[in-house]
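1. I'd like to go over a predicted model; first the sequence, then the structure.
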Amino acid sequence: MSKILINKIIFLIVGALSANAAYALEAPVGSAVLEVVGNITNTNVGDEAHFDKAMLEALTQRTTKTSTPWHDGVVSFEGPLGRAILEAAGAKGDQLSVVALNDYSSTVPVSDFYDHDVILAMRADGQQLRIRDHGPLFIIYPFDENPSLLNEEILTRSVWQVKRIEVE
């Protein structure tokens, strides 16, 4: 076999192995705002994916203008798309357990993040969400765009003060 053919074969094998390998995320520079754990392939702290504010802001963002039962009037929420976070972590599950700072948790189907433009809001009306404002992260569904989402089942999935997503 020629040296060129051998190099091409090696290149193809390495490429195929790399396509299936887990990728490390950049390490958070600031304090972690969100941990994604469980059935994921992209990690940066042990077998977990930790995201600081800058890492979340670097993901695909969306603004959702909607009313919620917890706010007066329409609020403009901004944050990364939920599916962008799952993709960054290499999530491979069908459901999520979303856990808040007070350990409240709700089960959210992964499909929600793909079927709807669900965001993890970091800002409301241009202001950073603080813990007292349901922050630092608040799962927001586009209720006004799709009024059928405004039901008890979906409202229980709208976790605020999110600290961790467990991929199952």
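-> Thanks, I have it. Residues are numbered from 1 along each chain as shown.
2. switch to C-alpha atoms for all contacts and neighbour counts from now on
-> Will do.
3. Where does the prediction get shaky in this structure?
-> Residues of the chain that meet the criterion pLDDT under 70 lie in 1-23.
4. From the centroid of it, which residue is nearest?
-> By CA atoms, centre = their mean, the mean C-alpha position of the chain lies nearest to Ile85, the distance being 3.0 Å.
5. so it makes contact with Leu59?
-> Yes - judged on CA atoms under 8 Å, Ile85 makes contact with Leu59 at a distance of 7.2 Å.
6. returning to that earlier point: can I take it that the residue nearest to the centre of the chain is in a strand?
-> No - going by DSSP: H, G, I helix; E, B strand; the rest coil, the assignment for Ile85 is helix, not a strand.
7. do you know how far Gly82 is from Leu96?
-> To Leu96, Gly82 is 11 Å away according to CA to CA, to the nearest Å.
8. Ser105 contacts Ser158, doesn't it?
-> No - counting by CA under 8 Å, Ser105 stays clear of Ser158, with 10.1 Å between them.
9. mind listing the helices in this protein by residue range?
-> 3-20, 53-58, 82-89, 110-115, 152-157 (DSSP state H).
10. List the beta-bridge partners for the closest residue in space to Leu56 that isn't next to it in sequence.
-> The shortest distance from Leu56 to any non-neighbouring residue, by CA to CA, 6 or more residues apart in numbering, is to Pro80 (6.3 Å). On the basis of DSSP bridges, Pro80 is bridged to Gln61.
11. Could you report the neighbour count for Pro80?
-> By other CA atoms under 10 Å, the residues close to Pro80 number 23.
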